[in-house]
Each structure stands twice: as C-alpha cells, then as structure tokens.
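Asks: got a predicted structure plus its sequence, pasted below:
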Amino acid sequence: MTEPNAVTVNIFRSSKRSETYLFLPENAEFNDLPEALRKTFGRPIAAMSLALTPNRKLARAEAPKVLAALAAQGFYLQVPPPTEHSDIPKLPEELLQ
C-alpha cells in the first residue's frame, strides 16, 4: 500500500547523457516537457517507478526538492555532480532550476 502523501513517479535515464535522470509524475507525458529539455535529454529509457515521499532516501537527490520541482514545473532533472575535467556540454541553466 502507498503512503497517503506519496507521489508515484516514473524515472527515466537519458539516452544522450550519462548519469542523467528525469523524474516525472506517474501521469505526465515526456512529449509535454519543454522542447529544449527533450532535445538535450534524448530518448527516455525507463529505469523505475516508485512512491516518493519527503522522507524517502534517494541516491543523488533530496526527496523534498524533487517533490517541490515536480509540483512547480512538472519534472525533476537529476544531473551528475560536476567533475574537474568534465568535457560534457552544460545543460541550459533554465533546465537546472
């Protein structure tokens, strides 16, 4: 049984960017996201679905921040931490907020 305050999310990994994941509410459609995000992210590859609560432990994100982003913009984009020698082009700043 799902907790009452849980939001079911689908998590996708990017076909273009290593260690980049997109969290979407269960009923959201990838094609409804901003075009810049879709182009940069590439083809979404299903990774998992889960019931997300504020207390849930996530590997690289804080659940309250993910939930806030889902409520405000309809998605949460998880990018890998920056590295000193990263030669990967940066995502547009508006997609990282």
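Replies: Structure's in. What do you need?
Asks: identify the residue spatially nearest to the residue nearest the centre of the chain, adjacent ones excluded.
Replies: Geometric centre of the chain, nearest residue: residue 22, 2.6 Å, by CA atoms, centre = their mean. Spatial nearest neighbour of residue 22, chain neighbours left out: residue 12 (4.7 Å); criterion: CB to CB, 6 or more residues apart in numbering. In this view, the C-beta of every residue, glycine as well, is placed from N, C-alpha and C.
Asks: shouldn't that neighbour be within a helix?
Replies: No. Residue state for residue 12 (DSSP: H, G, I helix; E, B strand; the rest coil) corresponds to strand; a helix is not indicated.
Asks: the helix or strand that contains the residue nearest to the centre of the chain pairs with which strands, and in what direction?
Replies: Using DSSP states H and E, the element containing residue 22 is strand 21-25. Strands adjacent to strand 21-25 in the sheet, as given by DSSP bridges, are strand 7-14 (antiparallel), strand 76-78 (antiparallel).
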